[in-house]
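**Q** this is a predicted model, with the sequence first.
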Amino acid sequence: MSMKRTNVYADPEDLALITQAAERRGVPEAEIIREGIHLAAMANRVWDEPLDWPTFDGPGWVADKEEVRAAVVRRTDDR
């Protein structure tokens, strides 16, 4: 993947957090910054087409934990 260099201004406190995160993860600070740029870009992306989310038939109320567990177990057992 080709990358382009750019300069940005950042708060010293943010840079300190980035430095700490990079040290903890054992990666360069630039990797943390690239991840942040990617997340910001994706969060602000305008999609050309609406997402095709699946829909589910149901009774019209939110299922509780036990209903979800029972449905998943049933579906897994059917295999």
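**A** On my side now, so go ahead.

**Q** what pLDDT does the most centrally placed residue in the chain get?
**A** Residue closest to the average C-alpha location in the chain (Cα atoms, centre = their mean): L39, at 7.5 Å. pLDDT recorded at L39 is 95.

**Q** hmm, P28 and A22 touching each other?
**A** Yes. Using Cβ atoms under 8 Å, A22 is in contact with P28, at 6.2 Å. Yep, even glycine has a C-beta here, placed from its N, CA and C like the rest.

**Q** quick one, which of these two is more surrounded?
**A** Taking neighbours as other Cβ atoms under 10 Å, A22 and P28 compare with A22 leading, 16 against 10.

**Q** check that one and give its pLDDT.
**A** For A22, pLDDT reads 97.

**Q** repeat for D77
**A** 55.

**Q** so who does A10 touch?
**A** Going by Cβ atoms under 8 Å, 6 or more residues apart in numbering, A10 touches I18.

**Q** assign it to helix, strand or coil.
**A** Taking DSSP: H, G, I helix; E, B strand; the rest coil as the rule, one finds A10 in the coil state.

**Q** and stretch 5-21, which residues are buried?
**A** I18 (16 or more other Cβ atoms under 10 Å).

**Q** please save the CA atoms from that stretch in CSV.
**A** Provided in CSV are the C-alpha atoms of stretch 5-21 (Å, rounded to 0.1, in the frame of the first residue of the first chain):
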residue,chain,number,x,y,z
ARG,A,5,3.3,11.9,4.2
THR,A,6,1.5,14.7,5.9
ASN,A,7,2.0,17.0,9.0
VAL,A,8,-0.6,17.6,11.7
TYR,A,9,-0.6,19.5,14.9
ALA,A,10,-1.5,17.5,18.1
ASP,A,11,-2.0,18.3,21.7
PRO,A,12,1.0,17.2,23.8
GLU,A,13,-1.3,15.2,26.1
ASP,A,14,-2.6,13.2,23.1
LEU,A,15,0.9,12.6,21.9
ALA,A,16,1.9,11.3,25.3
LEU,A,17,-1.0,8.8,25.2
ILE,A,18,0.0,7.7,21.7
THR,A,19,3.6,7.2,22.9
GLN,A,20,2.3,5.1,25.9
ALA,A,21,0.0,3.0,23.7
